[in-house]
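Asks: Structure, please.
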Amino acid sequence: MNASVGLNAQTMVSERRGRQAAVPEQLNKTLSFEQSVTLTAKSQFGWTLAFVRRPLFQDIEVVITNPDRSEYVMIDEDGSTRPFYNVRSDDFS
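Replies: The predicted structure follows:
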C-alpha cells in the first residue's frame, strides 16, 4: 500500500513541468544569439540539447550533454558554459 503512494509521489516530482516539452518547439526564439552560437559550436563535437528549464520569473537555463551523457553543461545568457550537476540520471534512461 505504501509502495503505490511512493510511486505516485515520485511520478509527480519527475514531471514538474507538466505538459510542457523538455525542449520548446520554437527554440530559436527562446535562445539568445550567444547561446545559439555556443549550441551550434558544441553540436559539431557531438553535444546535444538535453533540456531547457524555464523557471518562473527567471532567465531560461539551457542544458546540453556530451555524446555518452556523462557530463552536463549549462549555456549562460552570454554564451559561456559552466558545469551543471543538478541532473537525475534516471530521468534520461
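Asks: how close does the nearest residue to E34 once chain neighbours are set aside get to S32?
Replies: In space, and not counting its chain neighbours, E34 is closest to G79: 3.1 Å by C-beta to C-beta, 6 or more residues apart in numbering. All C-beta atoms are positioned from the backbone trio N, CA, C, and that covers glycine. To S32, G79 is 8 Å away according to C-beta to C-beta, to the nearest Å.
Asks: What helix or strand is the residue nearest to E34 located in?
Replies: For G79, there is no helix or strand it lies in under DSSP states H and E.
Asks: What ranges does this structure have for its helices?
Replies: Under the criterion DSSP state H, helices of the chain are mapped to 2-14, 27-30, 33-43.
Asks: Any idea which of those helices has the lowest pLDDT on average?
Replies: Sorting those by mean pLDDT places helix 2-14 lowest, at a mean of 46.
Asks: Report the contact partners of the residue nearest to E34.
Replies: Applying C-beta atoms under 8 Å, 6 or more residues apart in numbering to G79 gives the contacts 32, 34-35, 37-38.
Asks: How about the contacts made by E34?
Replies: E34 touches 77-79, counting by C-beta under 8 Å, 6+ apart.
Asks: Count the neighbours of E61 for me.
Replies: The tally of other residues near E61 (other C-beta atoms under 10 Å) stands at 16.
Asks: F57 versus the residue nearest to E34, what's the distance?
Replies: G79 is 23 Å from F57, by C-beta to C-beta.
Asks: tally of neighbours for Q58?
Replies: Neighbourhood size, Q58 [other C-beta under 10 Å]: 8.
Asks: same deal with Q35?
Replies: Counted with other C-beta under 10 Å, Q35 comes out at 21.
Asks: ok, now L27?
Replies: Here the count is done by other C-beta under 10 Å, and L27 has 14 residues near it.
Asks: close enough to count as contact, it and F51?
Replies: No. At 11.1 Å, L27 does not count as touching F51 under the criterion of C-beta atoms under 8 Å.
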